[in-house]
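# what follows is a predicted structure for the sequence shown.
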Amino acid sequence: MNKIKSSTSLQIAYQIYLNERQSYSKSPSFYFDIAPYFFLQAHSSNSKQSSINVFNQHYAQSNYNISNEYQYFGLRILTNVLELELESIQLLQTVAYKLVEFGLYNLAENIFRHIVNLRSDEPQSFRDLALLLQE
């Protein structure tokens with residue numbers, strides 16, 4: 001994590017993440033530790049962007065409410081944890097809670113609805129979705 005924090009650009013930080021991911025690929029906490037860095041940088045980033053990045057950002061904003069490249073990479077990293085176990089309810093819930101924490105309510109809603117479909121016999125599934133929809 002210190003390597004990423006000391007990086008000078010988004011591309012370098014993401015490359016460090018990719019290199020470190022090889023060592024920690026089986027650890028969900030690795031993804032949950034790294035993703036917030038990118039989300040926090042999204043709030044303090046005012047970097048100049050190329051035309052293609054502006055287009056991609058506009059597309060991401062309109063479809064997913066993603067505000068910049070840092071947030072986009074944070075989302076990528078956060079959802080990479082789901083590759084460990086695609087149908088793990090605990091991982092799905094944790095990712096959804098993190099998405100709520102970072103203000104990506106539409107994406108969190110989709111995951112909570114998926115959890116309801118997977119675990120309709122558990123009241124917690126409905127409760128999580130209801131709490132999100134209430135906000």
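That came in fine, so what should we check first?
# pull out the buried residues from whichever strand or helix holds Tyr14.
Assigned by DSSP states H and E, Tyr14 falls within helix 10-24. Residues of helix 10-24 classed as buried: Leu10, Ala13, Tyr14, Ile16, Tyr17 (neighbour count, 16 or more other Cβ atoms under 10 Å). (Glycine included, C-beta is placed from N, CA and C.)
# name the helices or strands packed onto the helix ranked longest in the chain?
Across the chain, the longest stretch assigned as helix under DSSP state H is helix 28-44. Contacts defined by 3 or more Cβ pairs under 8 Å, 6 or more residues apart in numbering; DSSP states H and E place helix 28-44 against helix 2-5, helix 10-24, helix 69-80, helix 89-101.
# and with 7 Å instead?
Secondary-structure packing of helix 28-44 (3 or more Cβ pairs under 7 Å, 6 or more residues apart in numbering; DSSP states H and E): helix 2-5, helix 69-80, helix 89-101.
# quick one: secondary structure of the residue of the chain most remote from its centre?
Residue farthest from the centre of the chain, counting by Cα atoms, centre = their mean, is Asp121 at 27.0 Å. Put simply, Asp121 is coil when judged by DSSP: H, G, I helix; E, B strand; the rest coil.
# list the contacts of Thr94.
Contact analysis of Thr94 by Cβ atoms under 7 Å, 6 or more residues apart in numbering lists Phe32.
# if I look at it, how far off is Asp128?
11 Å (Cβ to Cβ, to the nearest Å).
# go on, Asn117?
13 Å.
# now do Ser23
In this view, Ser23 and Asp128 are 32 Å apart by Cβ to Cβ.
# same deal with Leu92?
10 Å.
# which residues are common contacts for the two?
Ile115.
# and stretch 23-36, what's buried?
Buried, per 16+ other Cβ under 10 Å, within stretch 23-36: Pro28, Phe30, Tyr31, Phe32, Ile34, Ala35.
# okay, Asn117 and Asp128: which has more neighbours?
Asp128 (20 against 9; other Cβ atoms under 10 Å).
# so who does the more buried one touch?
By Cβ under 7 Å, 6+ apart, the contact set of Asp128 is Gln93, Phe112, Ile115.
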